[in-house]
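Undergrad: got a structure for you, letters missing:
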C-alpha cells in the first residue's frame with residue numbers, strides 16, 4: 001500500500017513538474033530575446049528544452065526519478081495532442097506531426113545530453129541544431145541560451161531530490177538575470193549557540 005501511495009504521489013508530482021514547464025516559463029521573453037516566431041513549433045521547442053532539464057535532474061534520483069521522467073514525457077505528449085486539437089488541427093495531420101515531433105524529441109534529448117556533458121561549444125552546437133533549427137544568425141542568442149541552460153541545470157541540481165519527487169515544484173530562473181549572483185540557492189546559515 002505504501003508503494004502505491006508513493007507511485008501516486010510521484011505521478012502527481014510529475015504533472016506539477018510538467019505544468020511548471022509550460023506555466024512558469026516566460027515564453028514571450030524567449031520569443032523576443034531569441035527572435036522566435038510565436039508559433040506552436042516555437043512553444044514546443046521551448047517546452048522541450050524545459051522538460052529535458054527536468055529529466056536531467058530527475059534521472060539522478062534512481063528508479064523513482066526515472067519513473068517520474070516517463071510520466072513527465074507522457075504528460076507532455078498528452079498536452080501536445082490536446083493543444084493540437086484545440087487549435088483545430090486535422091486529426092490526420094496531427095498524427096503525422098506527432099510522429100515527426102516524437103522523432104525530434106528523442107533526437108533533441110540525445111543532442112542536449114551530449115551538449116550538457118560537453119563544453120559550451122558542444123552545448124551551443126546542440127542548441128543551434130535543435131532549439132534554433134540551424135537558423136540562428138546572432139551568436140549572442142546562442143550565448144544567452146547556453147548560459148541559461150547551464151545556470152538552470154545548476155539551480156535544479158541545488159534542489160532537494162526527495163522534495164522534487166514528492167512535490168514536483170520547480171521554479172525557473174529568468175532568461176536574463178537581473179542579479180547574476182542570485183543564481184545559486186542561498187545556503188542556510190549554520191548557528192553555533194555553544195556557550196550561551
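TA: Cool, got the structure. Everything numeric here is computed off the predicted structure, so don't read it as measured data. Numbering: from 1, shown residues only.
Undergrad: wait, isn't residue 155 in contact with residue 173?
TA: Yes. Using Cβ atoms under 8 Å, residue 155 is in contact with residue 173, at 5.5 Å. In short, each C-beta sits where N, CA and C put it, glycine included.
Undergrad: Next one: the most centrally placed residue in the chain from residue 154, what distance?
TA: Residue closest to the mean C-alpha point of the chain, counted by Cα atoms, centre = their mean, is residue 50 at 1.6 Å. Distance, residue 50 to residue 154, by Cβ to Cβ, to the nearest Å: 15 Å.
Undergrad: What of residue 146?
TA: Using Cβ to Cβ, one gets 13 Å for the distance from residue 146 to residue 154.
Undergrad: Then residue 57?
TA: Counting by Cβ to Cβ, the gap from residue 57 to residue 154 is 11 Å.
Undergrad: go on, residue 172?
TA: Residue 172 is 13 Å from residue 154, by Cβ to Cβ.
Undergrad: Between these two, which is the more surrounded one?
TA: Taking neighbours as other Cβ atoms under 10 Å, residue 172 and residue 154 compare with residue 172 leading, 16 against 13.
Undergrad: The more buried one touches residue 153, doesn't it?
TA: No. Residue 172 is beyond contact range of residue 153, at 11.6 Å (criterion: Cβ under 8 Å).
Undergrad: What's the mean pLDDT across the helix or strand harbouring residue 121?
TA: In this assignment (DSSP states H and E), residue 121 forms part of helix 120-130. Averaging pLDDT along helix 120-130 gives 93.
Undergrad: ok now that helix, how far from the chain's centre?
TA: 16 Å (Cα atoms, centre = their mean, to the nearest Å).
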